[in-house]
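S.K.: After the sequence you'll find the predicted model.
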Amino acid sequence: MNAPATPDHVALVTGGNRGIGRAIAERLVRDGYRVAVTARSGEGPEGTLTVRADVNDGASLDAAVAQIEAELGPVTTIVANAGVTKDTLLMRMSDDDFTSVVDTNLGGAFRTVKRAIRSMLRAKHGRIILISSVSGLFGVAGQANYSASKAGLVGFARAITRELGGRGITANVVAPGFIESDMTAQLDEKTQKTYQTQIPAGRFGSADEIAGVVSWLASDDASYISGAVIPVDGGLGMGH
């Protein structure tokens with residue numbers, strides 16, 4: 001079991017009002033963190049502070065971080081989870097389809113981390129956890145934009161590690177595979193089974209399984225791990 005967070009540990013989870021982000025926020029609350037989530041609409045789980053912010057809008061992130069630090073304290077853990085997809089084959093993909101996905105998934109992580117990093121530097125302690133995807137490591141047809149954005153998070157985490165690793169700050173990547181969600185639930189049974197046959201574990205993962213890995217990376221147990229990529233995909237992308 002991970003060591004419990006101290007009361008002054010504050011976590012920020014982007015896109016924490018639903019799906020994987022919500023499960024991560026719930027787990028960090030149970031771990032003892034003070035947790036804030038960003039959301040463009042909706043609310044985060046019980047026990048969290050929901051702030052309105054769009055990761056594409058630097059001004060809204062400035063306001064969000066200021067509100068979080070005023071109400072909860074300095075941010076010591078960032079989970080960059082917010083993301084979008086605009087899937088289509090490369091020949092049909094518009095310039096906006098590509099740039100908007102990359103700017104949200106990769107640029108949004110950059111904008112969030114940049115605005116919260118000062119508190120970590122002052123504390124000489126920080127955990128940066130970037131939610132990537134098996135798509136960024138394995139590659140998925142029809143997801144050139146999404147795969148590129150998620151692969152970029154690996155380089156981002158490793159650059160942060162080179163730059164800030166000596167300041168008590170770690171930066172790691174979690175790469176989920178197929179996870180049980182509203183999207184996978186909409187797939188017909190035959191399609192679900194086709195996908196599952198590609199996964200050595202023979203099943204989809206759960207958001208709680210992603211949250212468990214994030215919890216560990218945020219803890220002191222992972223203090224000597226940085227620049228790593230941890231696949232949580234049932235073996236789908238092994239070797240990549």
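M.R.: Yes, it's here.

S.K.: pLDDT below threshold where in this structure?
M.R.: Applying pLDDT under 70 to the chain picks out residues 1-7, 182-183, 186-187, 239-240.

S.K.: where exactly do the strands run in it?
M.R.: Ranges of strands in the chain, per DSSP state E, are 10-14, 34-39, 48-52, 77-80, 126-131, 169-176, 229-232.

S.K.: in the longest helix anywhere in the chain, what counts as buried?
M.R.: Ordering each helix of the chain by length in residues (DSSP state H) puts helix 144-164 first. Buried residues in helix 144-164, defined by neighbour count with 16 or more other CB atoms under 10 Å: 144-154, 156-158, 160-161, 164. All C-beta spots, glycine's among them, are computed from the backbone N, C-alpha and C.

S.K.: Same question for stretch 85-99.
M.R.: Buried residues in stretch 85-99, counted by 16+ other CB under 10 Å: Thr85, Met93, Asp97, Phe98.

S.K.: Straight-line length of it, end to end?
M.R.: 11 Å (CA to CA, to the nearest Å).

S.K.: Run through the residues that contact Ser215.
M.R.: Asn2, Ile24, Arg27, Leu28, Asp31 (CB atoms under 8 Å, 6 or more residues apart in numbering).

S.K.: now do Leu236
M.R.: Leu236 touches Val134, Phe138, Gly177, Phe178, Gln198, Ile199, Pro200, counting by CB under 8 Å, 6+ apart.

S.K.: how about a cut-off of 7 Å?
M.R.: For Leu236, the contacting residues are Val134, Phe138, Gly177, Gln198, Ile199, by CB atoms under 7 Å, 6 or more residues apart in numbering.

S.K.: same deal with Gly136?
M.R.: By CB under 7 Å, 6+ apart, Gly136 lies in contact with Ser147, Lys150, Ala151, Leu153, Val154, Ala175.

S.K.: Same question for Leu106.
M.R.: Leu106 makes contact with Ser149, Gly152, Leu153, Phe156 under the criterion CB under 7 Å, 6+ apart.

S.K.: for those residues, which one is nearest Ala211?
M.R.: Of all these, Leu153 has the smallest distance to Ala211: 18.0 Å, by CB to CB.

S.K.: ok, now how distant is that closest one from Thr76?
M.R.: Separation of Leu153 from Thr76 (CB to CB, to the nearest Å): 20 Å.

S.K.: quick one on the thing from earlier: I'd like to know which of the strands of the chain is closest to Leu89.
M.R.: Nearest of these (CB to CB): strand 169-176, 23.2 Å.

S.K.: what lines up beside the closest one in the sheet?
M.R.: strand 126-131 (parallel), strand 229-232 (parallel) (DSSP bridges).

S.K.: Determine which stretch of those strands is the most buried.
M.R.: Ranked by mean neighbour count, the strands paired with strand 169-176 are led by strand 126-131 with a mean of 26 (mean count of other CB atoms under 10 Å).
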